[in-house]
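Chemist: Prediction below, plus the sequence it came from.
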Amino acid sequence: MLNLVLFGPPGAGKGTQSQKLIEKYGLIHLSTGDLLRGEISQGTALGLEAKKLMDEGLLVPDAVVIGMISNKLDANKDGKGFIFDGFPRTVAQAEALDALLESKKSAISGMIALEVNDDELERRLLLRGKDSGRPDDANPEVIRKRIHEYNSKTAPVADFYKGQNKFKSINGIGTVDEIFGAICGIIGAWKNK
Ligand code: ADP
């Protein structure tokens, strides 16, 4: 199994790279942002609760996203592995993910971080907001709040994987294909271990 955590701030390009990785490696894509937006569009109680926080640029509670991921892991037992995109976003989520995978006799292969500076992120998110229809991409104040949440709560997750010798980082500025090539280089080295 190849279980990859794709890491980086909002707007770093995780979703774009995930699509290419799914095709190449046959992995299942688990994006907590997409799962939450699915709940919102179905009008569930969970979705209604999450929407308030997401629209403000704040993280939703750990228990909510951990529960969603746990269900998805159970529903996809026989795959080649997973790409975790936008999860884990706190150290508590990372610890819970390790425990969930361990209970299935599996583990994270590694984390790959896409490095992009804050100015470029803000520019990309505002551009995406023009046609994504995502309310959290349309407002500069909300974008800055998301980047702040990332720097305070999510950035420490990198240290969690560094401590396990499972962390790699690459430059997230460049063409989509250049960045994809760098990611595949790292995965190739993991597979040959
Ligand atoms: P981006 O990374 O571009 O901000 P996402 O689609 O990953 O977009 O996330 C959108 C919003 O969904 C986040 O701002 C947050 O409110 C919520 N969210 C997504 N994943 C998580 C998570 N793992 N933990 C807490 N909140 C999350």
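Modeler: Great, that's in hand. Numbers count the residues shown, from 1 in each chain.

Chemist: And the residue in the chain that the ligand sits nearest to, which helix or strand is it part of?
Modeler: As assessed by Cβ to the nearest ligand atom, the ligand sits closest to Gly33 within the chain, at 1.8 Å. Any C-beta I mention is one placed from the backbone N, CA and C, and that applies to glycine too. Assigned by DSSP states H and E, Gly33 belongs to helix 32-42.

Chemist: Give the other helices and strands that that helix contacts.
Modeler: helix 45-56, helix 62-75, strand 81-85 (3 or more Cβ pairs under 8 Å, 6 or more residues apart in numbering; DSSP states H and E).

Chemist: any idea how far the residue nearest to the residue of the chain closest to the ligand when sequence neighbours are not counted is from Ile143?
Modeler: Of all residues not flanking Gly33 in the chain, Gly86 sits nearest, at 4.6 Å (Cβ to Cβ, 6 or more residues apart in numbering). Between Gly86 and Ile143 the computed distance is 15 Å (Cβ to Cβ, to the nearest Å).

Chemist: And Gly47, by the same measure?
Modeler: Distance of Gly47 to Ile143, computed by Cβ to Cβ: 22 Å.

Chemist: And these two? Which one has more around it.
Modeler: It is Ile143, of Gly47 and Ile143, that has more neighbours when counted by other Cβ atoms under 10 Å, with 24 against 17.

Chemist: Could you tell me whether the more buried one really is in a strand?
Modeler: No. Counting by DSSP: H, G, I helix; E, B strand; the rest coil, Ile143 falls outside a strand, being helix.

Chemist: three-state assignment of His148?
Modeler: At His148 the chain is in helix, as set by three-state DSSP.

Chemist: try Phe87
Modeler: coil.
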